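>>> For reference, the sequence and a predicted model appear below.
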Amino acid sequence: MLGSNALHEGFSSSWTWAALIGLVSLAATVCFSVDQVRKHHRAKEAERLRPDYELLDETIVALDKLAGTAAVKADLGRLSELHSRIKQAEKRSPDIPFGAVVAHVAAYQKTVLPDGYAKKLVGRKVTLDELLDLARRQGVSNAGIRVAIDAVQREIDRRTA
């Protein structure tokens with residue numbers, strides 16, 4: 001009787017180890033597969049968001065060009081085009097905060113100096129204080145755009161890293 005009991009315990013013990021090893025192998029395989037699916041999803045998301053990320057980079061370059069001087073309407077052609085493209089990006093990805101960039105660019109566009117502001121200043125049709133106020137608001141709006149762009153790019157990086 002003791003012999004058959006020992007045989008039964010040995011079988012049970014080896015069966016338990018085999019099941020445990022099989023379960024660990026299965027868990028490792030599932031974890032690896034889930035990780036691969038997650039990496040694939042992030043790669044697809046990165047590919048989808050790459051043009052929007054580059055659009056924001058282009059906007060920064062356009063702002064750098066405008067920052068050197070006080071912007072007038074004639075200088076805003078490129079920024080207006082980029083503004084339209086950012087609005088499209090907002091529609092494509094409403095869960096990414098492109099709206100803040102759109103709002104700040106719109107605010108910047110409202111702070112442009114009037115055409116021929118130098119002549120108007122000399123002719124006293126506009127005061128120096130008004131022009132300085134517009135220039136200050138341009139600087140604040142420019143900084144706001146940059147902060148909003150940084151936030152969007154960080155969000156894109158977070159989703160695709």
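Everything's here; your move. Residues are numbered from 1 along each chain as shown.
>>> what about Ala43, distance to Val37?
Noted for Ala43: a distance of 11 Å to Val37, by CB to CB, to the nearest Å. (C-beta placed from N, C-alpha, C; glycine too.)
>>> list the contacts for Val105?
Thr59, Leu79, Leu82, His83, Ile86, Ile145 (CB atoms under 8 Å, 6 or more residues apart in numbering).
>>> Not counting residues beside it along the chain, what's closest to the last one?
Of all residues beyond its chain neighbours, the one nearest Ile145 is His104 (4.3 Å), with distances taken as CB to CB, 6 or more residues apart in numbering.
>>> What's the first helix or strand after the helix or strand of the chain with the lowest mean pLDDT?
Across the helices and strands of the chain, mean confidence by mean pLDDT, DSSP states H and E is lowest for helix 117-122: a mean of 63. Elements were assigned by DSSP states H and E; along the chain past helix 117-122, the next helix or strand is helix 128-160.
>>> Quick one: list the elements packing against that following helix.
Judged by 3 or more CB pairs under 8 Å, 6 or more residues apart in numbering; DSSP states H and E, the packing partners of helix 128-160 are helix 2-67, helix 98-109, helix 117-122.
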